[in-house]
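Participant: Sequence first, predicted coordinates after that:
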Amino acid sequence: MRKTVILLTISLILFSCNQGKQKQDEHSGIIGCWAFLDGYGNYNEAYFQEHSYLTVNRFVQTPPSSRYQVVHDTLLINTHPDDPELTPIANLIWIDENHVVIHNPYVSDTLERISDNSGELLNLDPKNDSAVFWNGFYDRYEKFLIRRGIITEEEVREYRENKFIPEDVKSKAN
């Protein structure tokens with residue numbers, strides 16, 4: 001009887017440890033390159049490494065590297081590069097391995113994994129490899145907007161060929 005209790009206890013401990021590891025490994029899926037819209041509607045790309053990340057948009061072209069950690073379903077970052085403390089900034093809601101909703105009181109958007117590895121933060125430095133990086137960035141930006149239904153392929157073609165800006169875009173600019 002005592003051996004049965006000991007074996008049962010060991011089994012429960014091993015099962016619990018494996019469950020915790022599985023939960024932690026589940027969120028290591030954030031590693032890689034992602035595209036999203038920020039609270040201002042700007043297209044961003046983020047590259048998550050094991051413990052740090054970079055994010056870039058057309059206004060922040062030389063991003064500082066920041067530290068992050070995912071604890072359960074919460075993303076924690078250091079809000080200033082010199083700050084050793086990690087602050088919770090958003091909840092993560094996993095849809096699948098290529099889509100995760102990042103949600104906080106100011107913004108909620110779905111991060112989409114970038115599958116086109118050419119010319120992205122993983123392989124290039126936006127400052128030193130600027131021509132290649134920014135051409136790829138704007139191409140991914142365009143495709144992202146089309147997938148989201150924000151613009152159409154026809155609008156892109158019209159703009160490229162005739163520099164035609166759709167009326168709804170013009171009215172929002174004024």
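Facilitator: Done, it's in. Residues are numbered from 1 along each chain as shown.
Participant: switch to C-alpha atoms for all contacts and neighbour counts from now on
Facilitator: Fine.
Participant: What count of nearby residues applies to Phe36?
Facilitator: Counted with other C-alpha atoms under 10 Å, the neighbours of Phe36 add up to 23.
Participant: same thing with Asp168?
Facilitator: Neighbours of Asp168 using other C-alpha under 10 Å come to 8.
Participant: Likewise for Val56?
Facilitator: Val56: 19 neighbours (other C-alpha under 10 Å).
Participant: Correct me if wrong: it contacts Thr62.
Facilitator: Yes. Under the criterion of C-alpha atoms under 8 Å, Val56 makes contact with Thr62 at 7.2 Å.
Participant: Flag the shaky bits of the chain, pLDDT-wise.
Facilitator: Across the chain, residues meeting the criterion (pLDDT under 70) sit at 1-28, 63, 117-129, 169-174.
Participant: Could you check how far the one residue sitting closest to the centre of the chain is from Glu142?
Facilitator: Against the mean C-alpha coordinate of the chain, by C-alpha atoms, centre = their mean, the closest residue is Trp34 at 3.7 Å. Relative to Glu142, Trp34 is positioned 15 Å away (C-alpha to C-alpha, to the nearest Å).
Participant: sorry, back to before: check which helix or strand the residue nearest to the centre of the chain maps to.
Facilitator: According to DSSP states H and E, Trp34 maps onto strand 32-37.
Participant: and what of Asp139?
Facilitator: Assigned by DSSP H and E, Asp139 belongs to helix 130-147.
Participant: I'd like the distance from that helix to the chain centre, please.
Facilitator: In terms of C-alpha atoms, centre = their mean, to the nearest Å, the centre of helix 130-147 is found 15 Å from the chain centre.
Participant: Check which element follows it along the chain.
Facilitator: Toward the C-terminus, helix 130-147 is succeeded by helix 153-162 as the next helix or strand (DSSP H and E).
Participant: which parts of that following helix are buried?
Facilitator: Across helix 153-162, burial judged by 16 or more other C-alpha atoms under 10 Å covers Val156.
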